[in-house]
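K.L.:
What follows is a predicted protein model with its sequence.
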Amino acid sequence: MPDGLEVLVCVKRVPASGARVPLTPDGLHVDTRHLGFTIGPHEECAVEEAVRLVGEHGGRATVLAAGPPEVAEQLRYALAMGADRAVLVDTGSDELDPQATAAAIGQAVAELAAEKPPDLVLFGDSSADAGHFQVGVRVACGLGLPIVGGIKGVEVGDGVVRLRREVADGDERYVLPLPAAAGVREGLNLPRYPNLPGRLRAKKAAVHTIVARPEPGGLRTVRLRQPADEATGPVWLGRGAAAAPAVVDVLDELGVV
Amino acid sequence: MSALPSRAEVVVIGAGIVGNSVAYHLAEAGWRDIVLLDKGPLPDPGGSTGHASNFIFPVDHSREITALTLDSMRQYEKLGTLTTCGGVEIARTPERVEELRRRLASATAWGVPSELVSAERVGQLMPFVNTDVVLAGFWTPSVAVVDPLQAGALMREQASAQGALTVSAGTEITAIHTEHGRVRGVATSRGDIATETVVICCGVWSPRIAELAGARLPLTPAVHQMIDVGPIPELAATGTEIAYPIIRDMDAMMYERQSGADLEIGSYAHRPILHEPEDIPSIEAAALSPTQLPFTHDDFDPQLEDALELFGQLLDTPGAGIRHAINGLLSLTPDGAPLLGPLPEVDGLWSAAAVWIKEGPGVGRMMAEWMTHGCTETDLHGADVARFYPHQRTRPFVRARANEGFNKTYGIVHPREQWASGRRQRLSPFFERERELGAEFFEVGGWERPQWYESNRDLLAEFGDRIPERPHEWDARWWSPVSNAEHLAMRERAAMIDLSAFAQFDVAGPGALGYLQELAMAQLDRPVGRLCYTPVLTPDGGFRSDLTVVRLGEDRFRVITGGADGARDAYWFRSHLPADGSVTFTDVTSGVCTLGLWGPRARDVLSAVTEDDVSGEAFAFGIAREIVVGEVPVLALRVSYVGDLGWELHAPFEQGRALWDAIAEAGARFGVVPAGIGVYGTTGRLEKGYRLMGAELDAEYDPVEAGLALPRVKAADFVGKQAYLAAREAGPAATLCTLTVDDHTSSAGIPRYPQGGEPILTPAGERITDRKGRGSFVTSAGAAPSLGSYLLMAYLPPEHAVEGTRLLVEYMAERYPVTVARAGRTPLFDPDDTRMKA
């Protein structure tokens, strides 16, 4: 069993769509037939941070995802980024609500803890599709760990984790005793791209599977609907020098001049 | 955005490299009121042009594709959008080394400077390659990368500057209006446009657009996987987009090219991943673009190992990651070639689809020529969209062939290689008998035709001493010495040959003669019962087709043409029908089967099964007559493509079996053998110097050059007549010659046999070109068992087209001495045709 820091990162398999999210005819799901899947940007940062922390302190970065067996694809992506171990919490093919997801993850973490409990559990602040901001907090509470969300800085040392969060006029800083949990945000770091040897390693790596069938929670999807079509595509600002004032206006609006 | 015009001379749909180029060349050719539409934004509307890897390797075994590519490179260069970087195709296996040697022959034949290089030299050209796994390389200094988006923008700009073009992005086609089978206009998301001409340049979406007009385009979108790995300091240090040659790792079916600080890796090795045109996401729903689909890692993982093995030095760089990975969509067709020209189903509807970046500008230029003059400078029979028979345009067939064809993209494909999928679609009534005889079936136009019969293997004992062995596996692949034995048995006794793949048309009505006269070069106003061979010319005097016309009655004709070109010919004839209804055109292919019977004993055999008089006096050469064979009414044609006495016997399809059995039974006594197309199409034909459409005959050569000019020019007007008269006046720039190979011995000490497509060189080893700039190459190659020689056909300029002239043929990077045995059409075998006319 490796010495050093035991970091656990929880990620979620989410569809990668363009500006318009296709829906199934019953309006209850995203139509994923022609979509790829990914993990959200917050979670990419969480994986990157875990790999960085283990690089710094030694130990092991474990990536965990709950969902159908296909989540192995996202786990291997995280392995290719440098995570050491992957845990697939197989919850079957049905979509889970946040309570059920948290229950499944909590059960799995408890199982893993029997071998070695995590020092630090990282979540994305919210998932890229549902955006409930619930699972991290629910899991942490279930495990009795302190958690802070919206985190853009993580440092570990002397039995504590120091967390930083950006607010309007500066930073908020938190010191949590380990073990602890955090919900992190995009901007925490610049996630690396998986390299080729990493990808090949990830392909061959074993994925540890834990089966969980949690009870459903209280949240139900009644219906999803498309927002009204917004005009997309390029906006014609003019031609040649005549376009200059319009360009300046746009840059001004964007706050870059 | 300006308003859409309500009328246009032509509407070009799709603003990728093809649509831009079509619009530009139409403007150059004088067209006005051109409207170019795309549903996507400009300059990158979201099709394959926007994500292609944009490199060009000019050498292809296809002359047509190479010509389009070379023209495209000239155009990209002129637009300032071409960067020459060179390219190396590498071999990791001995088989691939052989293929690279064959590639060298194609390079020389089509006039592209290339050379075979050692692994060490590959390492000098591209220093990051692990040369331990490289056996040899094929170096083409002119390989380049291009910017098709920029080229397209410049083309639009130039056409617009001429006042010829209106461009409308963000404009989706919702309908193509047709009336009485021709285009009347289009409906778009921004209004309707009345027009008589629509060009589909929509890449992977093309079938969907064609369907709006009720036409079918045999194309399927398919995935080509690409990744970008970087940043790589060694590449970043060059400070430029591309400073090193592009590597094609042919055996791994991959390529690697520098793209700024990244190495771009693409693959044709993964499983075929086909899509339906309807399932391509909309621009709004696509994460990247509609044709950049989510990358499927599992498909690409095996290729990563090949890439790492070859480029470990760069790909293992710390900090270099997979920054971009896509399943890019490209277009596949049943035979891998583009879909160009007028769609047979709807007048005024044109296709320019399934075109790669490397061919885009050249295709645009050819399309404009075609739409303006009705013919093209480059022969495009291999890309003509009219080449497909109905079953070849069905979805299941397209998918099956695309599945099979995808991994041939970088494959080693023998020129005679047969497809495994989509077979047994068109079966002659003789099929079961042929199967019982162990026929090896080759496909033409969807028909199964025996190439040779294993049942004839015993003939090798009889004729084997006259049949040289082919010790090299490549030369003997998809070939059998049995074929030559069948040939010799035919010349000695007789052979029966299944010719049911012929496409046959009945042309009738008061206007029939005039109509056919206008299409045929030969005089067709002959007595009833005469048959006539005639070239059919393009407007500029090249070969459109060559075929046989039988006058069945005063106003009734049968047109018989090859199975390979039947669909194109049917379209040509239909599209020239007079509008007044005075001619009816009926495709009777599926109602007629044909059995050829040739050889010195042919008359004995036929006499034994017919009560009709088939003597030389009663049934002369060049005559067609209805006779009865057994109980089968037969249209018998006294004609031959193999140069022996005999007939084509045309019978009702459902009585084909009875015809076969009658001839086979009567023939047994005379030692008649079934013979395959190896005899009909190659050995028998070559001995007689007969020309083949698509080999010797195509749009780039005229009848004077092919030796098929007739003694007199008929008074009646016909398509291509002016050009034909001019060609007669000017004399040939090249003459079709038959050459013998004087010594087949390779440096390895074994005999080698060129297979076709090889360059003919001067004794000093220089490439031969004629005054029109056309190179001399082998149009057909094959054994002449009765002459005891091996023959090549090639067009040679006058100074070389002299009998007895000694030249060289380059095959697999070696040179073999050849001699011009015949300049012109006089056969080497039985030059006076006494056997055929006996």
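P.N.:
Received it, and whenever you're ready, just let me know what you need.
K.L.:
what number of residues lie near the one residue in chain B that gets nearest to chain A?
P.N.:
Going by Cβ to the nearest Cβ, chain A is nearest to residue B:294 of chain B, at 2.1 Å. In short, each C-beta sits where N, CA and C put it, glycine included. Per other Cβ atoms under 10 Å in any protein chain shown, the neighbour tally for residue B:294 reads 20.
K.L.:
so who does it touch?
P.N.:
Taking Cβ atoms under 8 Å, 6 or more residues apart in numbering or on different chains as the criterion, residue B:294 is in contact with A:16, A:35-37, B:287, B:327.
K.L.:
rerun that using 6 Å as the cut-off
P.N.:
For residue B:294, the contact set (Cβ atoms under 6 Å, 6 or more residues apart in numbering or on different chains) comprises residue A:36.
K.L.:
do residue B:275 as well
P.N.:
Contact partners of residue B:275, counting by Cβ under 6 Å, 6+ apart, are residue B:221.
K.L.:
Chain B contacts on chain A?
P.N.:
Contact residues (Cβ under 6 Å from any Cβ of the partner chain) of chain A with chain B: A:16-20, A:22, A:34, A:36, A:192-196, A:199-200, A:203, A:232-234.
K.L.:
circling back to that earlier point, what are the phi and psi angles of the residue of chain B closest to chain A?
P.N.:
Note on residue B:294: backbone dihedrals following degrees, to the nearest 10 are phi -60, psi 140.
K.L.:
Can you flag the buried ones in the residues of chain A next to chain B?
P.N.:
Buried members of these, scored by 16 or more other Cβ atoms under 10 Å in any protein chain shown, are A:16-18, A:20, A:22, A:34, A:36, A:192-196, A:199-200, A:203.
K.L.:
Any idea how far apart the tips of stretch A:202-221 sit?
P.N.:
Terminal residues of stretch A:202-221 are spaced 35 Å apart (Cα to Cα, to the nearest Å).
K.L.:
before we move on, what about stretch B:231-250?
P.N.:
End-to-end distance of stretch B:231-250 (Cα to Cα): 25 Å.
K.L.:
which other residues reach that stretch?
P.N.:
If you take Cβ under 6 Å, 6+ apart as the criterion, stretch B:231-250 is touched by B:55, B:85-90, B:96, B:125-126, B:143, B:145, B:255-258, B:260-261, B:310, B:314, B:317, B:320, B:410.
K.L.:
For chain A, tell me which of those show up nearby.
P.N.:
Contacts with chain A within the contacts of stretch B:231-250, as defined by Cβ under 6 Å from any Cβ: residue B:320.
K.L.:
Filter the contacts of stretch B:231-250 down to the ones in helices?
P.N.:
Those of these mapping onto helices are B:96, B:125, B:310, B:314, per DSSP state H.
K.L.:
Please identify, among the residues you listed, the one with the most neighbours.
P.N.:
Busiest of the ones in helices among the contacts of stretch B:231-250 [other Cβ under 10 Å] is residue B:310, holding 26 neighbours.
K.L.:
and the gap between residue B:163 and residue B:644?
P.N.:
In this view, residue B:163 and residue B:644 are 64 Å apart by Cβ to Cβ, to the nearest Å.
K.L.:
actually residue B:588, not the one I typed
P.N.:
Distance, residue B:588 to residue B:644, by Cβ to Cβ: 27 Å.
K.L.:
Quick check, the residue in the stretch 1-150 of chain A closest to chain B?
P.N.:
The nearest approach of the stretch 1-150 of chain A to chain B comes at residue A:36, 2.1 Å away (Cβ to the nearest Cβ).
K.L.:
Leaving out chain neighbours, which residue sits closest to the residue positioned nearest the centre of chain A?
P.N.:
Closest residue to the average C-alpha location of chain A: residue A:43 at 2.4 Å, with Cα atoms, centre = their mean. Spatial nearest neighbour of residue A:43, excluding adjacent residues (Cβ to Cβ, 6 or more residues apart in numbering or on different chains): residue A:124 at 3.8 Å.
K.L.:
tell me the phi and psi of the one you found?
P.N.:
According to degrees, to the nearest 10, residue A:124 has phi -70, psi 150.
K.L.:
surely it meets residue A:41?
P.N.:
No - the pair residue A:124 / residue A:41 is not scored as a contact, 7.9 Å apart, by Cβ atoms under 6 Å.
K.L.:
re the thing from before, residue contacts, the residue of the stretch 1-150 of chain A closest to chain B?
P.N.:
A:16, B:294.
K.L.:
so which strand or helix has the residue most central in space within chain B?
P.N.:
When Cα atoms, centre = their mean is applied to chain B, the residue found nearest the centroid is residue B:382 (2.7 Å). Here residue B:382, judged by DSSP states H and E, is contained in no helix and no strand.
K.L.:
who's in contact with it?
P.N.:
B:64, B:337.
K.L.:
So what does it have for phi and psi?
P.N.:
phi -70, psi -20.
K.L.:
Would you check how far apart it and residue B:699 are?
P.N.:
Distance from residue B:382 to residue B:699, by Cβ to Cβ: 11 Å.
K.L.:
can you check residue B:732 too?
P.N.:
Here residue B:732 is placed at a distance of 16 Å from residue B:699 (Cβ to Cβ).
K.L.:
higher neighbour count, these two?
P.N.:
When residue B:732 and residue B:699 are compared on other Cβ under 10 Å, the one with more neighbours turns out to be residue B:732, at 25 against 20.
K.L.:
For that one, which non-adjacent residue is spatially closest?
P.N.:
Residue B:732 sits nearest to residue B:705 (Cβ to Cβ, 6+ apart), 4.3 Å away.
K.L.:
Equivalent analysis for residue A:89, please.
P.N.:
Ranked by Cβ to Cβ, 6+ apart and with sequence neighbours excluded, the top spatial neighbour of residue A:89 is residue A:66, at 3.9 Å.
K.L.:
helices and strands around the helix or strand encompassing that neighbour, which ones?
P.N.:
If you go by DSSP H and E, residue A:66 is part of strand A:59-67. Applying 3 or more Cβ pairs under 6 Å, 6 or more residues apart in numbering or on different chains; DSSP states H and E, one finds that strand A:59-67 contacts strand A:5-11, helix A:41-57, helix A:72-81, strand A:85-90, helix A:98-115.
K.L.:
Out of the ones you listed, the one nearest residue B:108 is which?
P.N.:
helix A:72-81 (45.7 Å; Cβ to Cβ).
K.L.:
Which strands and helices lie in contact with that closest one?
P.N.:
For helix A:72-81, the elements it packs on are strand A:59-67, strand A:85-90, helix A:196-204, judged by 3+ Cβ pairs under 6 Å, 6+ apart.
K.L.:
pLDDT of it, averaged?
P.N.:
Computed over helix A:72-81, the mean pLDDT rounds to 96.
K.L.:
do the same with stretch B:422-433
P.N.:
The model assigns stretch B:422-433 a mean pLDDT of 98.
K.L.:
in the stretch 101-250 of chain A, what residue is nearest chain B?
P.N.:
Counting by Cβ to the nearest Cβ, the stretch 101-250 of chain A gets nearest chain B through residue A:193, at 2.5 Å.
K.L.:
I'd like to know how many residues surround the closest residue to residue A:93 other than its chain neighbours.
P.N.:
Spatially, and ignoring its direct neighbours in sequence, residue A:93 is nearest to residue A:68 (4.8 Å; Cβ to Cβ, 6+ apart). Neighbourhood size, residue A:68 [other Cβ under 10 Å]: 15.
K.L.:
is it true that residue A:68 touches residue A:94?
P.N.:
No - applying Cβ under 6 Å, one finds residue A:68 not in contact with residue A:94, separated by 8.5 Å.
K.L.:
Flag the shaky bits of chain A, pLDDT-wise.
P.N.:
Applying pLDDT under 70 to chain A flags residues A:1-2, A:229-234.
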